[in-house]
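# okay, structure incoming, though there's no sequence with it:
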């Protein structure tokens, strides 16, 4: 037992050290308004290419309706249980490739087949291109014969906002809701009105209000006529399926999750919120070396298995 305690103590120390190193690295390359969209897009792809893919990953291209996508599995999975994933990147950057490792790790933990999509990006394709593509890909899954009871929709950051907006669009169209949703640090409020935009400004090494304001305008230029399909927090949330929301306590976007959670709970949505202590935006992608990221993915896997095996 003593050895176990020492080992656990070392793991925690190592985890904090890894976290500290990540935050220092992020601070050395801060966002500035002078960075072009192309520069920022390249940063994302370069960072994604450095993340090692887990063993036993398999992936292949597929066109999901009219949307370029990829089937991703890792290890033994149930081919009839589908996890549909939308990458993050402020609606203007990001890709299947940049998040492939994270999605593969979720596949391994949840024992599911993942469909990861490349929705169209702003500014070339502003709202509603991204949500239209997301809905098309979901419709394609159903048309392929997948039961909605066997689908969980998910996304990270802007993709997290998309997965919640998808639930609202499905409700609008009286279509079949998926079994559940997993939103990772979702961007639910394109107006940046959460208090943590200010209170966490100094501790978040990744995302600032200035950054989000810039890219919210590219995706949704008419901020005076905001749509709940861009800012799902202003939507009517009753009747949505079970959901898990994960967010880091150090994020400026923390209130995007907390306020959505509170609003969903008030209308009796079965929603669970996990706030991960000291975690920064996008920590899931570092599961190969950061224990909190690995543990967050284990929690996602448990949520999905419990929901899909009812």
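Now that the structure is in, tell me what you want to look at. Since this is a predicted model, take the numbers as computed values, not measurements.
# gap between residue 137 and residue 117?
5 Å (C-beta to C-beta, to the nearest Å). Heads up, the C-betas are built off the backbone N, CA and C, glycines and all.
# joint contacts of those two?
64, 67, 69, 84 (C-beta atoms under 8 Å, 6 or more residues apart in numbering).
# from those residues, which two are the most distant?
Pairwise distances across those peak at 10.8 Å for 67 and 84 (criterion: C-beta to C-beta).
# who has more neighbours, these two?
residue 84 (27 against 20; other C-beta atoms under 10 Å).
# for that one, give the beta-bridge partners.
With DSSP bridges as the criterion, residue 84 is bridged to residue 115, residue 153.
# poorly predicted segments of the chain, please.
Residue ranges of the chain with pLDDT under 70: 1-13, 310.
# please, where are all the helices along it?
Applying DSSP state H to the chain gives helices spanning 2-28, 37-49, 96-110, 129-143, 158-172, 196-199, 209-219, 254-266, 291-308.
# out of these, nearest to residue 278?
Closest among these, using C-beta to C-beta: helix 2-28, at 6.5 Å.
# tell me the contacts of residue 296?
Here residue 296 is in contact with 246, 274, 276, 279, 283, 284, 287 (criterion: C-beta under 8 Å, 6+ apart).
# how about residue 239?
171, 177, 267, 269.
# so how far is residue 168 from the second one?
Right, the one you point to is residue 177. If you go by C-beta to C-beta, the gap between residue 177 and residue 168 works out to 10 Å.
# please apply the same query to the last one.
In this structure, residue 269 and residue 168 are 12 Å apart, going by C-beta to C-beta.
# overlap of the contact sets of the two?
237, 240.
# got phi/psi on residue 32?
Backbone torsions of residue 32, given as degrees, to the nearest 10, read phi -130, psi 150.
# wait, doesn't residue 184 sit right on residue 155?
Yes: between residue 184 and residue 155 there is a contact under C-beta atoms under 8 Å: 7.0 Å.
# so what sits against both of those two?
residue 88.
# closest to the centroid, which residue in this protein?
residue 156 (1.2 Å; C-alpha atoms, centre = their mean).
# show me what contacts it?
85, 86, 87, 88, 99, 102, 184, 185, 186, 282, 284.
# now do residue 247
Residue 247 makes contact with 184-186, 253-254, 256-258, 273-276, 279, according to C-beta under 8 Å, 6+ apart.
# and those, which is closest to residue 224?
Distances from residue 224 to the contacts of residue 247, taken by C-beta to C-beta, are shortest for residue 256, at 20.2 Å.
# I'd guessed the closest one sits against residue 191; true?
No: the pair residue 256 / residue 191 is not scored as a contact, 10.5 Å apart, by C-beta under 8 Å.
# between these two, who's got more neighbours?
The neighbour count for residue 256 versus residue 191, taken as other C-beta under 10 Å, is higher for residue 256 (31 against 16).
# what's the burial count for the residue nearest to the more buried one when sequence neighbours are not counted?
Leaving aside its chain neighbours, residue 256 sits nearest to residue 188 (4.4 Å; criterion: C-beta to C-beta, 6 or more residues apart in numbering). Residue 188 has 28 neighbours, counted by other C-beta under 10 Å.
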